[in-house]
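Chemist: okay, predicted coordinates and the sequence, questions at the end:
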Amino acid sequence: MIDYVENYSNARTKAKIKIAQDTGQMNDFLIFGDSSADGGINANRLEEETGLNSFNFALGGSALVVGNYYILEDYLSRNDAPKYIILMTVYDIWYRGLNTDGVIQTLIISFPGKLIKDFMLSPIVYNPRGNVMGIFGNVLLPSQRYKWEIRGIIKSMNIVGYFRKRESKEDELMEEIVSNNGSSLYDVFNENLIIDDINYHKEFVETNKFEVSWINQFYLDKFLKLAKEKDIKVFLVYSPVEEEFYSEEVNSDYIKSYKKFIEDITGTYDNVVLLTDDFYVVSVDKLTTSIDHLNYKESEVFTGLIAKDFKEYLDKNTN
């Protein structure tokens with residue numbers, strides 16, 4: 001059960017799954033990644049600039065690369081393969097695993113049967129000392145808090161009215177996603193939240209070592225192998241980032257290791273290309289609530305630059 005009124009992130013994930021499962025789609029360009037790609041890459045603008053039908057399937061960070069893989073799998077099982085994919089995630093997505101807040105709930109609500117199928121082997125292979133039964137306990141059993149929330153909803157609301165309201169919100173969300181070709185177009189701005197986020201990210205980079213969780217690595221490999229099987233070219237794009245954070249932290253060991261990880265992907269898969277040279281650096285007023293979430297106007301600028309890099313790549317590499 002999903003509260004479409006309150007749980008916007010999970011609702012968007014479920015809506016994009018439904019769209020991916022539609023048949024007869026004719027997209028040349030698919031966009032994947034986290035919320036920075038969801039709001040930062042404008043699929044309508046990309047379509048205008050390249051002349052290629054585009055759709056943005058990027059999800060929130062709590063879906064990890066797992067969500068991207070399963071949406072691509074759904075899409076390809078029902079539609080012809082696109083020619084191109086853009087994959088963009090912020091640098092601090094890669095360490096996240098099943099112990100990260102919100103990840104279990106997002107993944108299991110959105111991809112229950114599929115996830116369990118892959119979990120039968122992958123935790124043993126990639127985390128042999130992990131408590132497999134503990135993982136399955138967290139995955140399969142809703143928390144007591146979640147049970148109490150459901151009970152509270154039933155007690156406090158007219159159940160018929162609640163579901164009508166939920167269906168209405170669900171319809172509004174689907175209409176928004178379809179009209180924007182999947183992209184979130186944000187105009188909100190909160191400078192205080194951005195400043196707090198700058199400070200958080202500075203501390204994170206200074207006190208942590210870059211690492212890739214087994215679950216992200218496992219599904220990244222599956223994602224890129226599936227794209228290769230379907231002869232899809234994958235373009236990696238560095239995310240936007242706020243200029244104060246960039247100027248102080250771009251030479252940190254963490255960011256250097258992250259960039260090496262991204263560059264190494266292109267050496268492992270011959271269908272993968274690093275399209276951008278570096279982060280897209282912006283001032284605070286071009287963001288929404290964090291260091292890497294662009295507002296609507298700036299997302300159009302950023303998408304235009306991605307389209308320009310893409311066209312230049314094609315000019316150089318097309319016979």
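Modeler: It's in. This structure is a prediction, so every number in the text was calculated from the model and none was measured. Residues are numbered from 1 along each chain as shown.

Chemist: the strands in this structure, which residues?
Modeler: Along the chain, the stretches classed as strands by DSSP state E are 29-33, 54-56, 84-88, 233-236, 240-242, 272-274, 280-282.

Chemist: and the residue positioned nearest the centre of the chain, its phi and psi?
Modeler: Note on the chain: the residue nearest the mean C-alpha position is residue 34, at 2.1 Å, using Cα atoms, centre = their mean. Backbone geometry at residue 34, expressed as degrees, to the nearest 10, gives phi -100, psi -160.

Chemist: re the thing from before, tell me which of the strands of the chain lies nearest to residue 207.
Modeler: Proximity to residue 207, assessed across the strands of the chain by Cβ to Cβ, is greatest for strand 240-242 (18.4 Å). In this view, the C-beta of every residue, glycine as well, is placed from N, C-alpha and C.

Chemist: mind checking which of the strands of the chain is nearest residue 99?
Modeler: Closest among the strands of the chain, once you apply Cβ to Cβ, is strand 29-33, at 21.8 Å.

Chemist: now do the buried residues in the closest one.
Modeler: 29-33 (16 or more other Cβ atoms under 10 Å).

Chemist: now stretch 219-227
Modeler: Applying 16+ other Cβ under 10 Å to stretch 219-227 flags 219-220, 222-224, 227 as buried.

Chemist: now for those: which two are most distant?
Modeler: Among the buried residues of stretch 219-227, 219 and 227 lie farthest apart (Cβ to Cβ), at 12.4 Å.

Chemist: report the beta-bridge partners for the residue nearest to residue 279 when sequence neighbours are not counted.
Modeler: Nearest residue to residue 279, sequence neighbours excluded (Cβ to Cβ, 6 or more residues apart in numbering): residue 241, at 4.2 Å. Beta bridges link residue 241 to residue 281, judged by DSSP bridges.

Chemist: if I read this right, residue 241 contacts residue 282, doesn't it?
Modeler: Yes. Under the criterion of Cβ atoms under 8 Å, residue 241 makes contact with residue 282 at 7.4 Å.

Chemist: which one of the two has more residues nearby?
Modeler: residue 241 (24 against 21; other Cβ atoms under 10 Å).

Chemist: enumerate every residue touching the more buried one.
Modeler: Going by Cβ atoms under 8 Å, 6 or more residues apart in numbering, residue 241 touches 279-282, 291-292.

Chemist: make CSV out of the residues you listed and add distance to residue 259 and pLDDT.
Modeler: Listed next are the contacts of residue 241 as CSV, based on distance: Cβ to Cβ, whole Å; pLDDT from 0 to 100:
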residue, distance to residue 259, pLDDT
279, 9, 97
280, 14, 97
281, 14, 97
282, 18, 97
291, 17, 97
292, 15, 96
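
Chemist: in JSON lines, list those residues along with distance to residue 192.
Modeler: Below are the contacts of residue 241 laid out as JSON lines (distance: Cβ to Cβ, whole Å):
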{"residue": "279", "distance to residue 192": "23"}
{"residue": "280", "distance to residue 192": "23"}
{"residue": "281", "distance to residue 192": "21"}
{"residue": "282", "distance to residue 192": "18"}
{"residue": "291", "distance to residue 192": "13"}
{"residue": "292", "distance to residue 192": "17"}
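
Chemist: which of the residues you listed lies closest to residue 174?
Modeler: Checking the contacts of residue 241 one by one against residue 174 (Cβ to Cβ), the nearest turns out to be residue 292, at 26.2 Å.

Chemist: contacts only, for the closest one.
Modeler: Counting by Cβ under 8 Å, 6+ apart, residue 292 touches 36, 40, 90, 239-242.

Chemist: give me the pLDDT for the nearest residue to residue 282 once chain neighbours are set aside.
Modeler: Leaving aside its sequence neighbours, residue 282 sits nearest to residue 240 (Cβ to Cβ, 6+ apart; 5.6 Å). Residue 240 is assigned a pLDDT of 97 by the prediction.

Chemist: separation between residue 240 and residue 281?
Modeler: The gap separating residue 240 from residue 281 is 8 Å, by Cβ to Cβ, to the nearest Å.

Chemist: who has more neighbours out of the two?
Modeler: Comparing residue 240 with residue 281 by other Cβ under 10 Å, the one with more neighbours is residue 240, at 27 against 15.

Chemist: residues in contact with the more buried one?
Modeler: 36, 40, 279-282, 287, 292-294, 298, 302.

Chemist: let's see it at 10 Å
Modeler: Contacts for residue 240 (Cβ atoms under 10 Å, 6 or more residues apart in numbering) come out as 36-37, 39-41, 88, 90, 246, 279-282, 286-287, 290-294, 298-299, 302.
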